[in-house]
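Participant: Based on what follows, work out the 3D shape:
(one chain, ligands or ions: 1)
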Amino acid sequence: MTADWFDETLHPSLRARLRIDKLIYEGKSEHQHLVLFENETFGRVLALNGVIQTTERDEFIYHEMLAHVPLLAHGHVRNVLIIGGGDGGMLEEVLKHKTVSQATLVEIDAGVIEFSKKYLRSICGNAFEDPRAHIVIADGVDHVETTDQRYDVIIVDSTDPVGPGEALFTDRFYTACKGCLAPGGILVTQNGVPFLQADELRSTLAVLTRLFSKATCYTATVPGYVGGCMAFGWASDDAELRATPLDVLEQRFADSALDTRYYTPAVHQAAFALPGYIGSLTA
Ligand code: SAM
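Facilitator: Model (predicted):
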(Lines give C-alpha, C1' and ligand atoms only; values in the text may rest on other atoms or scores of the structure.)
Protein backbone atom coordinates (compact mmCIF):
# COMPACT_ATOMS: atom_id res chain seq x y z
CA MET A 1 0.00 0.00 0.00
CA THR A 2 1.51 3.37 -0.97
CA ALA A 3 0.50 6.72 0.57
CA ASP A 4 -3.05 7.20 -0.71
CA TRP A 5 -3.57 4.11 -2.85
CA PHE A 6 -4.42 0.49 -2.11
CA ASP A 7 -2.62 -2.03 -4.35
CA GLU A 8 -4.29 -5.41 -4.59
CA THR A 9 -1.55 -8.03 -4.85
CA LEU A 10 -3.62 -11.12 -5.70
CA HIS A 11 -2.38 -11.66 -9.27
CA PRO A 12 1.33 -12.05 -10.15
CA SER A 13 1.29 -9.91 -13.31
CA LEU A 14 -1.55 -7.47 -12.63
CA ARG A 15 -2.32 -5.06 -9.83
CA ALA A 16 -5.63 -3.36 -9.16
CA ARG A 17 -5.17 0.06 -7.58
CA LEU A 18 -7.91 1.89 -5.72
CA ARG A 19 -7.59 5.39 -4.30
CA ILE A 20 -7.94 5.54 -0.54
CA ASP A 21 -10.12 8.59 0.00
CA LYS A 22 -10.37 7.83 3.70
CA LEU A 23 -8.72 5.04 5.66
CA ILE A 24 -11.31 3.81 8.14
CA TYR A 25 -9.45 0.90 9.74
CA GLU A 26 -6.23 -1.03 9.41
CA GLY A 27 -5.26 -3.81 11.79
CA LYS A 28 -4.94 -7.51 12.42
CA SER A 29 -7.53 -10.05 13.49
CA GLU A 30 -6.48 -13.43 14.86
CA HIS A 31 -6.18 -14.82 11.31
CA GLN A 32 -5.85 -11.96 8.84
CA HIS A 33 -4.75 -8.42 8.08
CA LEU A 34 -7.83 -6.19 7.64
CA VAL A 35 -8.10 -2.91 5.76
CA LEU A 36 -11.25 -0.86 5.32
CA PHE A 37 -11.22 2.31 3.29
CA GLU A 38 -13.54 4.63 1.45
CA ASN A 39 -13.23 4.97 -2.33
CA GLU A 40 -15.22 7.42 -4.44
CA THR A 41 -16.36 4.74 -6.93
CA PHE A 42 -16.80 1.66 -4.72
CA GLY A 43 -17.79 3.17 -1.37
CA ARG A 44 -16.39 1.22 1.59
CA VAL A 45 -13.90 -1.45 0.47
CA LEU A 46 -12.90 -4.40 2.67
CA ALA A 47 -9.59 -6.15 1.98
CA LEU A 48 -8.18 -9.16 3.80
CA ASN A 49 -4.47 -10.00 3.48
CA GLY A 50 -4.19 -7.48 0.62
CA VAL A 51 -7.11 -8.91 -1.40
CA ILE A 52 -10.42 -7.11 -1.98
CA GLN A 53 -13.31 -9.07 -0.46
CA THR A 54 -16.30 -6.87 -0.92
CA THR A 55 -17.28 -3.30 -1.65
CA GLU A 56 -20.41 -1.36 -0.77
CA ARG A 57 -21.27 -0.47 -4.38
CA ASP A 58 -20.91 -3.81 -6.16
CA GLU A 59 -21.55 -6.37 -3.41
CA PHE A 60 -25.15 -6.80 -4.58
CA ILE A 61 -23.99 -8.52 -7.78
CA TYR A 62 -21.86 -11.12 -6.03
CA HIS A 63 -24.22 -11.77 -3.13
CA GLU A 64 -27.43 -11.92 -5.18
CA MET A 65 -25.93 -14.30 -7.74
CA LEU A 66 -24.34 -16.68 -5.24
CA ALA A 67 -27.47 -16.77 -3.04
CA HIS A 68 -30.55 -16.50 -5.25
CA VAL A 69 -29.43 -18.71 -8.15
CA PRO A 70 -29.21 -21.92 -6.06
CA LEU A 71 -32.11 -21.02 -3.76
CA LEU A 72 -34.56 -20.27 -6.57
CA ALA A 73 -33.34 -23.18 -8.71
CA HIS A 74 -34.01 -25.50 -5.77
CA GLY A 75 -37.39 -23.99 -4.92
CA HIS A 76 -38.02 -25.26 -1.38
CA VAL A 77 -34.90 -24.47 0.60
CA ARG A 78 -35.15 -24.56 4.38
CA ASN A 79 -31.66 -25.22 5.68
CA VAL A 80 -28.66 -23.30 4.25
CA LEU A 81 -24.95 -23.48 5.08
CA ILE A 82 -22.61 -20.58 4.27
CA ILE A 83 -18.89 -21.26 4.57
CA GLY A 84 -16.84 -18.07 5.10
CA GLY A 85 -18.93 -14.98 4.38
CA GLY A 86 -17.88 -13.10 7.52
CA ASP A 87 -18.96 -9.76 6.02
CA GLY A 88 -22.58 -10.96 6.39
CA GLY A 89 -23.70 -9.95 2.88
CA MET A 90 -24.47 -13.53 1.84
CA LEU A 91 -26.30 -14.22 5.07
CA GLU A 92 -28.48 -11.18 4.49
CA GLU A 93 -29.43 -12.31 0.95
CA VAL A 94 -30.17 -15.89 2.07
CA LEU A 95 -32.39 -14.72 4.93
CA LYS A 96 -34.50 -12.70 2.48
CA HIS A 97 -36.05 -16.07 1.53
CA LYS A 98 -38.96 -16.63 3.88
CA THR A 99 -38.82 -20.42 3.32
CA VAL A 100 -35.38 -20.53 4.97
CA SER A 101 -35.79 -21.65 8.57
CA GLN A 102 -32.08 -21.80 9.40
CA ALA A 103 -28.93 -20.31 7.87
CA THR A 104 -25.68 -21.49 9.43
CA LEU A 105 -22.63 -19.33 8.76
CA VAL A 106 -19.25 -20.94 9.50
CA GLU A 107 -16.48 -18.34 9.60
CA ILE A 108 -12.94 -19.06 10.73
CA ASP A 109 -12.24 -15.49 11.80
CA ALA A 110 -14.54 -14.01 14.48
CA GLY A 111 -12.75 -10.70 13.95
CA VAL A 112 -14.24 -10.29 10.45
CA ILE A 113 -17.78 -10.68 11.81
CA GLU A 114 -17.25 -8.25 14.69
CA PHE A 115 -15.64 -5.80 12.31
CA SER A 116 -18.50 -6.07 9.78
CA LYS A 117 -21.12 -5.50 12.47
CA LYS A 118 -19.32 -2.31 13.38
CA TYR A 119 -18.36 -0.91 9.96
CA LEU A 120 -20.32 -2.73 7.23
CA ARG A 121 -23.97 -2.53 8.26
CA SER A 122 -24.69 -1.33 4.72
CA ILE A 123 -23.69 -4.83 3.59
CA CYS A 124 -24.83 -7.15 6.42
CA GLY A 125 -27.86 -5.17 7.64
CA ASN A 126 -29.24 -6.93 10.74
CA ALA A 127 -28.57 -10.42 9.38
CA PHE A 128 -26.38 -11.46 12.31
CA GLU A 129 -29.22 -10.67 14.73
CA ASP A 130 -31.86 -12.64 12.74
CA PRO A 131 -33.12 -15.52 14.94
CA ARG A 132 -32.74 -17.90 11.95
CA ALA A 133 -29.00 -17.14 11.74
CA HIS A 134 -26.72 -19.64 13.42
CA ILE A 135 -23.13 -18.37 13.62
CA VAL A 136 -20.30 -20.85 14.12
CA ILE A 137 -16.67 -19.76 14.54
CA ALA A 138 -14.71 -22.67 13.09
CA ASP A 139 -12.79 -23.92 10.09
CA GLY A 140 -15.30 -24.71 7.33
CA VAL A 141 -13.57 -28.03 6.61
CA ASP A 142 -14.02 -29.20 10.21
CA HIS A 143 -17.67 -28.19 10.15
CA VAL A 144 -18.64 -30.11 7.01
CA GLU A 145 -16.68 -33.14 8.20
CA THR A 146 -18.38 -33.28 11.60
CA THR A 147 -21.89 -31.81 11.31
CA ASP A 148 -24.92 -34.08 11.49
CA GLN A 149 -27.06 -31.45 9.71
CA ARG A 150 -28.20 -31.96 6.12
CA TYR A 151 -28.33 -28.77 4.05
CA ASP A 152 -30.46 -28.00 1.01
CA VAL A 153 -27.91 -25.47 -0.25
CA ILE A 154 -24.24 -24.95 0.66
CA ILE A 155 -22.67 -21.63 -0.39
CA VAL A 156 -18.89 -21.36 -0.24
CA ASP A 157 -18.27 -17.62 0.18
CA SER A 158 -14.54 -17.91 0.67
CA THR A 159 -11.41 -15.90 0.23
CA ASP A 160 -9.10 -16.92 -2.61
CA PRO A 161 -7.09 -20.13 -2.19
CA VAL A 162 -4.30 -18.53 -0.17
CA GLY A 163 -4.07 -18.56 3.63
CA PRO A 164 -7.05 -20.03 5.52
CA GLY A 165 -9.15 -20.15 2.30
CA GLU A 166 -6.84 -22.71 0.66
CA ALA A 167 -8.51 -25.61 2.46
CA LEU A 168 -11.86 -24.62 0.92
CA PHE A 169 -10.65 -25.55 -2.58
CA THR A 170 -9.63 -29.13 -1.83
CA ASP A 171 -10.96 -32.55 -2.74
CA ARG A 172 -11.33 -33.28 0.99
CA PHE A 173 -13.56 -30.23 1.55
CA TYR A 174 -15.80 -30.81 -1.49
CA THR A 175 -16.20 -34.49 -0.58
CA ALA A 176 -17.34 -33.54 2.92
CA CYS A 177 -19.74 -30.92 1.47
CA LYS A 178 -21.38 -33.62 -0.62
CA GLY A 179 -21.74 -35.72 2.52
CA CYS A 180 -23.80 -33.08 4.31
CA LEU A 181 -26.05 -32.07 1.41
CA ALA A 182 -29.67 -33.22 1.61
CA PRO A 183 -30.93 -35.26 -1.38
CA GLY A 184 -31.31 -32.90 -4.35
CA GLY A 185 -29.13 -30.31 -2.60
CA ILE A 186 -26.92 -27.78 -4.39
CA LEU A 187 -23.33 -26.69 -3.71
CA VAL A 188 -22.15 -23.33 -5.10
CA THR A 189 -18.65 -21.92 -4.80
CA GLN A 190 -16.73 -18.68 -5.24
CA ASN A 191 -14.25 -19.59 -7.99
CA GLY A 192 -12.46 -16.40 -8.89
CA VAL A 193 -11.96 -14.72 -12.26
CA PRO A 194 -11.29 -17.45 -14.88
CA PHE A 195 -9.32 -15.18 -17.22
CA LEU A 196 -6.72 -14.81 -14.46
CA GLN A 197 -7.37 -17.87 -12.29
CA ALA A 198 -8.22 -20.63 -14.78
CA ASP A 199 -6.38 -23.32 -12.83
CA GLU A 200 -8.47 -22.66 -9.73
CA LEU A 201 -11.72 -23.18 -11.63
CA ARG A 202 -10.39 -26.14 -13.62
CA SER A 203 -9.29 -28.01 -10.51
CA THR A 204 -12.52 -27.30 -8.60
CA LEU A 205 -14.64 -28.49 -11.52
CA ALA A 206 -12.54 -31.62 -12.00
CA VAL A 207 -13.33 -32.65 -8.41
CA LEU A 208 -17.00 -31.60 -8.55
CA THR A 209 -17.52 -33.48 -11.83
CA ARG A 210 -16.20 -36.64 -10.22
CA LEU A 211 -18.35 -36.24 -7.10
CA PHE A 212 -21.70 -35.06 -8.52
CA SER A 213 -24.06 -36.02 -11.37
CA LYS A 214 -23.94 -32.44 -12.66
CA ALA A 215 -21.10 -29.94 -12.17
CA THR A 216 -20.59 -26.74 -14.11
CA CYS A 217 -20.20 -23.05 -13.40
CA TYR A 218 -22.05 -19.82 -14.06
CA THR A 219 -20.79 -16.26 -14.26
CA ALA A 220 -21.38 -12.64 -13.32
CA THR A 221 -19.25 -9.57 -13.75
CA VAL A 222 -18.35 -7.90 -10.47
CA PRO A 223 -16.37 -4.69 -11.13
CA GLY A 224 -14.25 -4.90 -7.97
CA TYR A 225 -12.84 -8.30 -8.97
CA VAL A 226 -10.70 -7.28 -11.94
CA GLY A 227 -10.01 -9.36 -15.05
CA GLY A 228 -13.46 -9.99 -16.52
CA CYS A 229 -16.36 -12.06 -15.28
CA MET A 230 -16.08 -14.24 -12.23
CA ALA A 231 -17.13 -17.86 -12.01
CA PHE A 232 -19.32 -19.63 -9.47
CA GLY A 233 -19.03 -23.40 -9.25
CA TRP A 234 -22.30 -25.37 -9.31
CA ALA A 235 -22.75 -28.99 -8.28
CA SER A 236 -25.77 -31.18 -7.58
CA ASP A 237 -26.90 -34.77 -7.94
CA ASP A 238 -30.17 -33.45 -9.33
CA ALA A 239 -29.01 -32.62 -12.87
CA GLU A 240 -32.29 -30.90 -13.76
CA LEU A 241 -31.89 -28.06 -11.25
CA ARG A 242 -29.22 -26.46 -13.41
CA ALA A 243 -31.86 -25.96 -16.14
CA THR A 244 -34.90 -24.97 -14.07
CA PRO A 245 -37.35 -23.59 -16.68
CA LEU A 246 -37.75 -19.83 -16.97
CA ASP A 247 -41.46 -19.83 -16.13
CA VAL A 248 -40.75 -21.77 -12.93
CA LEU A 249 -38.01 -19.32 -11.92
CA GLU A 250 -40.30 -16.39 -12.68
CA GLN A 251 -43.06 -17.83 -10.50
CA ARG A 252 -40.66 -18.53 -7.61
CA PHE A 253 -39.10 -15.09 -7.93
CA ALA A 254 -42.54 -13.44 -7.82
CA ASP A 255 -43.59 -15.59 -4.83
CA SER A 256 -40.39 -14.75 -2.95
CA ALA A 257 -41.06 -10.99 -3.34
CA LEU A 258 -37.30 -10.42 -3.55
CA ASP A 259 -36.23 -6.90 -4.39
CA THR A 260 -33.03 -7.41 -6.42
CA ARG A 261 -30.77 -5.10 -8.41
CA TYR A 262 -28.86 -7.68 -10.48
CA TYR A 263 -30.67 -10.99 -10.24
CA THR A 264 -33.59 -11.61 -12.58
CA PRO A 265 -34.84 -15.03 -13.71
CA ALA A 266 -33.59 -14.28 -17.25
CA VAL A 267 -30.11 -13.36 -15.94
CA HIS A 268 -30.18 -16.56 -13.86
CA GLN A 269 -30.66 -18.68 -16.98
CA ALA A 270 -28.24 -16.70 -19.11
CA ALA A 271 -25.49 -16.93 -16.47
CA PHE A 272 -25.06 -20.63 -17.32
CA ALA A 273 -24.28 -19.85 -20.99
CA LEU A 274 -20.49 -20.01 -20.88
CA PRO A 275 -18.00 -18.28 -23.16
CA GLY A 276 -15.77 -20.84 -24.91
CA TYR A 277 -12.66 -20.14 -22.82
CA ILE A 278 -14.64 -20.82 -19.62
CA GLY A 279 -16.75 -23.67 -20.95
CA SER A 280 -13.58 -25.55 -21.92
CA LEU A 281 -12.56 -25.55 -18.24
CA THR A 282 -15.69 -27.51 -17.33
CA ALA A 283 -14.84 -30.43 -19.62
N1 SAM B 1 -16.80 -12.20 -1.38
C2 SAM B 1 -15.48 -12.52 -1.03
C3 SAM B 1 -14.57 -12.82 -2.15
O4 SAM B 1 -15.02 -13.18 -3.24
O5 SAM B 1 -13.37 -12.65 -1.97
C6 SAM B 1 -15.39 -13.44 0.15
C7 SAM B 1 -15.80 -12.65 1.34
S8 SAM B 1 -15.82 -13.35 2.93
C9 SAM B 1 -15.17 -11.97 3.79
C10 SAM B 1 -14.55 -14.58 2.96
C11 SAM B 1 -14.37 -15.14 4.36
O12 SAM B 1 -13.92 -16.49 4.29
C13 SAM B 1 -13.34 -14.39 5.21
O14 SAM B 1 -13.98 -13.67 6.23
C15 SAM B 1 -12.44 -15.51 5.76
O16 SAM B 1 -12.09 -15.32 7.13
C17 SAM B 1 -13.31 -16.74 5.54
N18 SAM B 1 -12.56 -17.99 5.51
C19 SAM B 1 -11.36 -18.21 4.89
N20 SAM B 1 -10.97 -19.49 5.09
C21 SAM B 1 -11.93 -20.09 5.83
C22 SAM B 1 -12.09 -21.40 6.35
N23 SAM B 1 -11.16 -22.35 6.14
N24 SAM B 1 -13.22 -21.67 7.06
C25 SAM B 1 -14.16 -20.72 7.26
N26 SAM B 1 -14.06 -19.45 6.81
C27 SAM B 1 -12.96 -19.14 6.09
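
Participant: Near the ligand, which residues of the chain are found?
Facilitator: For the chain, the residues in contact with the ligand (CB under 6 Å from any ligand atom) are 48, 53-54, 62, 83-87, 106-109, 112, 139-141, 157-159, 164-165, 167-168, 190. Bear in mind the C-beta positions are built from the backbone N, C-alpha and C, glycine included.

Participant: which of those count as buried?
Facilitator: 48, 53-54, 62, 83-87, 106-109, 112, 139-141, 157-159, 164-165, 167-168, 190 (16 or more other CB atoms under 10 Å).

Participant: Read off the pLDDT value for the residue in the stretch 151-283 of the chain positioned nearest to the ligand.
Facilitator: Of all residues in the stretch 151-283 of the chain, residue 164 sits closest to the ligand, with a separation of 3.5 Å (CB to the nearest ligand atom). The pLDDT attached to residue 164 in the predicted structure is 89.

Participant: again with the one 5 residues further on
Facilitator: pLDDT for residue 169: 96.

Participant: Was I right to think it contacts residue 203?
Facilitator: Yes: using CB atoms under 8 Å, residue 169 is in contact with residue 203, at 7.2 Å.

Participant: Residue of the protein nearest the ligand, please.
Facilitator: Taking CB to the nearest ligand atom, the chain has residue 84 as its residue nearest the ligand, at 2.7 Å.

Participant: need the strands for this structure, in chain order.
Facilitator: When secondary structure is read from DSSP state E, the chain shows strands at 5-11, 14-19, 22-28, 33-39, 43-48, 51-55, 79-84, 102-107, 133-137, 151-157, 181-190, 214-220, 230-236.

Participant: Partner strands of the second one, with direction?
Facilitator: Same thing as strand 14-19. Strands that pair with strand 14-19, judged by DSSP bridges, come out as strand 5-11 (antiparallel).

Participant: According to the record, where do the domains of this protein fall?
Facilitator: As given by automatic domain parsing, the domain ranges for the chain are 5-55, 59-282.

Participant: which of these sits most buried?
Facilitator: For the domains of the chain, average neighbour numbers computed from mean count of other CB atoms under 10 Å are highest in domain 59-282, which has a mean of 19.

Participant: What is the end-to-end distance of that one?
Facilitator: 26 Å (CA to CA, to the nearest Å).

Participant: That concludes my questions; thank you for your assistance.
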